[in-house]
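Asks: Compute the structure for the input listed below.
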Amino acid sequence: MLRTVVVAVGLVLLNGCATNQSDVGVSQISSYAGEPFPVRLVNRAKFDKRFLPTEVPNATGAPAGTIVIDTASNYLYWVETSQTARRYGIAVGAAGYDWHGEATIERKAKWPVWYPTDDMHAQVPGLPRRIEAGTQNPLGARALYLYANGKDTLYRIHGTSEPWTIGTKASSGCIRMFNEDVIELFDKVETGTKVIVM
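Replies: Numbers count the residues shown, from 1 in each chain. A predicted model of the protein is given here:
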């Protein structure tokens with residue numbers, strides 16, 4: 001019982017304080033019936049409209065097939081063509097945890113297992129070494145693993161078990177998306193995709 005409480009407290013600390021959970025309405029739709037765990041869709045009406053997925057002009061300057069992350073605005077752009085991009089609302093790293101640079105996606109995982117880093121274990125004593133896949137896993141429904149110079153950066157683009165954090169600076173450096181959005185992006189990108197974090 002104590003271990004369960006420690007894990008729950010640890011996940012809240014790592015994922016940021018949730019002050020507006022009641023603003024999130026969730027539902028399940030049949031298009032995700034093949035998923036091994038429920039995909040709880042958020043009520044988008046409860047969120048700022050600018051964080052809805054939308055087609056926008058490609059103002060990134062990046063070529064098609066690139067992911068561009070604007071941490072200042074909490075946007076992720078999937079560049080579709082030289083003229084268009086699909087924009088998603090995201091959560092980014094809290095103060096002291098943000099990062100910038102270039103990486104490539106070298107691994108993709110559906111409903112990934114989460115292995116907290118040594119830094120996270122230092123912050124939250126008693127945090128398990130492994131968190132199984134599922135609706136309470138902080139990585140959510142999908143994860144894209146970012147590498148630089150052939151090495152794992154330990155940063156990910158992933159879903160979330162805390163959708164109310166989208167649009168905020170709440171993570172430990174990773175890029176969080178609504179689960180339904182990261183499922184969509186996951187199906188579009190391939191390993192080797194370039195990621196630019198600004």
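Asks: quick one: E80 and T66 touch, right?
Replies: No: with contact defined as Cβ atoms under 8 Å, E80 does not count as touching T66 (9.9 Å). Where you see a C-beta, it was placed from the backbone N, CA and C, and this is true even at glycine.
Asks: neighbour-wise, which of these two wins?
Replies: More neighbours sit around T66 than around the other of E80 and T66, counting by other Cβ atoms under 10 Å; the figures are 20 against 16.
Asks: need the contact list for that one.
Replies: With contacts defined as Cβ atoms under 8 Å, 6 or more residues apart in numbering, T66 is in contact with 60, 79, 193-196.
Asks: at 6 Å what do you get?
Replies: Contacts for T66 (Cβ atoms under 6 Å, 6 or more residues apart in numbering) come out as 79, 194.
Asks: Figure out how far the helix or strand in which R87 is found is from the centre of its chain.
Replies: If you go by DSSP states H and E, R87 is part of strand 84-89. In terms of Cα atoms, centre = their mean, to the nearest Å, the centre of strand 84-89 is found 15 Å from the chain centre.
Asks: what number of residues lie near V197?
Replies: Based on other Cβ under 10 Å, the number of other residues close to V197 is 23.
Asks: can I assume it is in contact with I67?
Replies: No: using Cβ atoms under 6 Å, V197 and I67 do not qualify as a contacting pair, with a distance of 8.9 Å.
Asks: just the strands in this protein please.
Replies: 26-27, 41-42, 54-57, 67-70, 75-79, 84-89, 92-93, 101-110, 142-148, 151-158, 169-171, 175-176, 194-197 (DSSP state E).
Asks: I175 pairs with what?
Replies: Each beta-bridge partner of I175 is listed here: I157, as defined by DSSP bridges.
Asks: burial of it, as a residue count?
Replies: By other Cβ under 10 Å, the residues close to I175 number 26.
Asks: what does the model give the closest residue to A91 other than its chain neighbours for pLDDT?
Replies: Distances taken as Cβ to Cβ, 6 or more residues apart in numbering place R176 nearest to A91, at 4.0 Å, with adjacent residues excluded. R176 is assigned a predicted lDDT (pLDDT) of 95.
Asks: and R176, how far is that from T81?
Replies: Using Cβ to Cβ, to the nearest Å, R176 is found at 26 Å from T81.
Asks: These two: which is more packed in?
Replies: Set side by side, R176 and T81 show unequal neighbour counts under other Cβ under 10 Å, the larger going to R176 at 33 against 10.
Asks: Confirm for me that the more buried one is in contact with V92.
Replies: No: taking Cβ under 6 Å as the definition, R176 is not a contact partner of V92, at 7.8 Å.
Asks: May I have the phi/psi pair for N43?
Replies: Torsion angles at N43 (phi, psi; degrees, to the nearest 10) stand at phi -80, psi 100.
Asks: What is the burial count for it?
Replies: Here the count is done by other Cβ under 10 Å, and N43 has 12 residues near it.
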